[in-house]
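In: Just to be clear, the model below is a prediction. Sequence and coordinates:
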Amino acid sequence: MTEDNKIGYAVLGLGVGKSHVESALKCEKCRLVAVCDIKEEKVKSITDKNPQITGYTDFKELLKDDRVDIISVCLPSGMHADYAVAAMEAGKHVLIEKPMDISCEAIDRIEAARLRTGKKVGGIYQNRNNAVMKPLKEAIDSGKLGKIFLGTFAVKWLREQSYFEGDHSWHGTWSMDGGGSLINQAVHTLDIMQWLMGKPVSVRSVTSVNNHNIESEDLTASVFTFENGATATFLSTTCCYPGLSTDIQVYGTDGSVEIDGDKLKLWKIKGEDERDEEDMLDRYGRGNRIAAAYEPGSKYGHITQVEDMINAVIEDRDPQIMPAEAKKAVKIIEAVYKSAASGLTVSIDW
């Protein structure tokens, strides 16, 4: 806790961690007191602009800072569990970037440390908080779309070879990234798929490397079967020039919804007239920034989960995404890679 009785916040890892820095600086209930990275120049890029923030290049020194209540862990994915567990054992709560780690076994270690230490653990899947996701989730859960029978999900992005080199050379490796286009770029959309459609029980997948010099894959194509009998296709790639869409499409017997990223493209529900559809497209068809005009004070992106984590500590409640929830996408990813490696349909046991 800081001298002014605000939650003391710290960010470990200043790659994607910069988004956590920006979010923490905007949160009224916390004070960003420290950042940490092994690269001194990355630390100085923050502290030079914000001299009130203490910079560390040694994680052990960060753990000794009594002002720090919460640490955002934003390291290469395969390092998340080790550092999160160490932080909890040092008395810190942790918010962990996606994926929570690259294996279910590692996430189980995080959960065991949470139970052992009593510290709070949150995971990052901020796309669940995109404005359009709330009405879609409500439409599915309420039955407005009827029986869900099909989903089509596709992440068609581009990453240049430079993305996998230099400071980013851990990208596309099995040991630190846990894979390629699926576990890194598409994990958000995979989480959305299972959040909307429920638990898949089997998957048949193929993977390939098409335009990068990496250990893992830059394309996956999968067909999932769900507990309720629904089917979904899922595509991930980092080869689509010049970087295309993120398709989230759900089809039920009474309605169809199509989204690209955070932008609603189609909203057709039996019983609703054209005015209802036009209102939905007007409100959600241009993404979070325009949707925010309809709900003053609403926020999107990393700040939604940074604030949730801070409030969870203040209110002594669970964060939005707990380890068991964050583990679901990783469990599915492990099955995809197993199917692609074996050439077989793989059952997913829950």
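Out: Yep, it's here.
In: Which parts of the stretch 151-300 of the chain are helices?
Out: Along the stretch 151-300 of the chain, counting by DSSP state H, counting those that start in this stretch, helices occupy 187-197, 274-284, 288-291.
In: Give me the residues contacting stretch 228-244.
Out: 147-159, 163, 180-182, 185-186, 189-190, 193, 197-198, 200, 210-212, 218-226, 336 (C-beta atoms under 8 Å, 6 or more residues apart in numbering). C-beta: built from backbone N, CA, C; applies to glycine.
In: ok, back up a step: and the helices of the stretch 151-300 of the chain: which comes nearest A340?
Out: Nearest of those to A340, taken as C-beta to C-beta: helix 187-197 at 14.4 Å.
In: Restricting to C-alpha, output the closest one in PDB.
Out: This file holds the C-alpha atoms of helix 187-197, laid out as PDB (Å, rounded to 0.1, in the frame of the first residue of the first chain):
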ATOM      1  CA  VAL A 187      -5.600 -17.300 -28.000                       C
ATOM      2  CA  HIS A 188      -7.900 -14.300 -27.300                       C
ATOM      3  CA  THR A 189     -10.300 -15.500 -30.000                       C
ATOM      4  CA  LEU A 190     -10.100 -19.100 -28.900                       C
ATOM      5  CA  ASP A 191     -11.100 -18.000 -25.400                       C
ATOM      6  CA  ILE A 192     -14.000 -16.100 -26.900                       C
ATOM      7  CA  MET A 193     -15.000 -19.300 -28.800                       C
ATOM      8  CA  GLN A 194     -15.200 -21.400 -25.700                       C
ATOM      9  CA  TRP A 195     -16.800 -18.600 -23.600                       C
ATOM     10  CA  LEU A 196     -19.600 -18.200 -26.100                       C
ATOM     11  CA  MET A 197     -20.100 -21.800 -27.300                       C
END
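In: How about that helix, which residues are buried there?
Out: V187, H188, T189, L190, D191, I192, M193, Q194, W195, L196, M197 (16 or more other C-beta atoms under 10 Å).
In: next one: stretch 301-314
Out: So for stretch 301-314, counting by 16+ other C-beta under 10 Å, buried means 301-313.
In: what's the answer for stretch 20-29, then?
Out: H20, V21, E22, S23, A24, L25, C27.
In: Any regions of the stretch 101-250 of the chain where pLDDT drops low?
Out: For the stretch 101-250 of the chain, no stretch is flagged by pLDDT under 70.
In: correct me, but K147 touches T253?
Out: Yes - using C-beta atoms under 8 Å, K147 makes contact with T253 at a distance of 4.7 Å.
In: now the buried residues of stretch 20-29 as a markdown table including pLDDT and secondary structure?
Out: Formatted as a markdown table, those follow (pLDDT from 0 to 100; DSSP: H, G, I helix; E, B strand; the rest coil):
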| residue | pLDDT | secondary structure |
| --- | --- | --- |
| H20 | 98 | helix |
| V21 | 97 | helix |
| E22 | 97 | helix |
| S23 | 97 | helix |
| A24 | 97 | helix |
| L25 | 97 | helix |
| C27 | 95 | coil |
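In: picking that back up, and the helices of the stretch 151-300 of the chain as JSON lines, adding distance to S72?
Out: Compiled in JSON lines, those are given as follows (distance: least, C-beta to C-beta, whole Å):
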{"stretch": "helix 187-197", "distance to S72": "17"}
{"stretch": "helix 274-284", "distance to S72": "29"}
{"stretch": "helix 288-291", "distance to S72": "21"}
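In: All set, thanks.
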